[in-house]
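Trainee: got a predicted structure here, sequence first:
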Amino acid sequence: MGGAGILGGIAGATISKLGLAKSYRLGMLTLSASLFFLTLPYQASIYLSAVLFGISFIFMTGLIIVWGTRQFPDSPFIGVSIAFFSLGIGQSIGSVIAGLLIDGTSFPFAFIAFSIAGALFVFCKIKISENKA
């Protein structure tokens, strides 16, 4: 998974080519697919899940940092700080919700629910400034 994360470092090139909004949607689809593949009963799907997660996690982290710096071009450190703070809060809250969902249902149900929730973000209208800092 860590080796696949290095591939996630292509966020900058992808953002330059596709723009932030399309890159965000691509990253969310990849992240959602990684959660879904984890629920399939095949050993190869576990490895595919890990590779996709490694790529998409690093990719989305880079994308959110770029997005944050573009929102605060005069003080990019604010965008980076907000990005890391938001990622930390999201992981903390998401972990609690996932734990409760797993405890109340099952691992596959929780992973599929999070996969669907992530995929739905592809259809949300998002406001992303495409202005480069």
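Mentor: Received the coordinates, thanks. Numbering: from 1, shown residues only.

Trainee: how about residue 125, phi and psi?
Mentor: phi -80, psi 130 (degrees, to the nearest 10).

Trainee: and for it, the neighbour number?
Mentor: For residue 125, the count of nearby residues is 5 (other CB atoms under 10 Å). Heads up, the C-betas are built off the backbone N, CA and C, glycines and all.

Trainee: what pLDDT does residue 130 get?
Mentor: You'll see residue 130 listed with a pLDDT of 59.

Trainee: identify the residue nearest residue 45 in space, chain neighbours excluded?
Mentor: Nearest residue to residue 45, sequence neighbours excluded (CB to CB, 6 or more residues apart in numbering): residue 37, at 4.6 Å.

Trainee: what helix or strand is the residue most central in space within the chain located in?
Mentor: Central residue of the chain (CA atoms, centre = their mean): residue 60, 4.4 Å from the mean position. Secondary-structure assignment from DSSP states H and E places residue 60 in helix 43-71.

Trainee: so which elements touch the helix or strand that that helix is followed by?
Mentor: Following helix 43-71 in sequence order, the next helix or strand is helix 76-104 (DSSP H and E). Helix 76-104 sits against helix 43-71, helix 107-120, with contacts defined as 3 or more CB pairs under 8 Å, 6 or more residues apart in numbering; DSSP states H and E.
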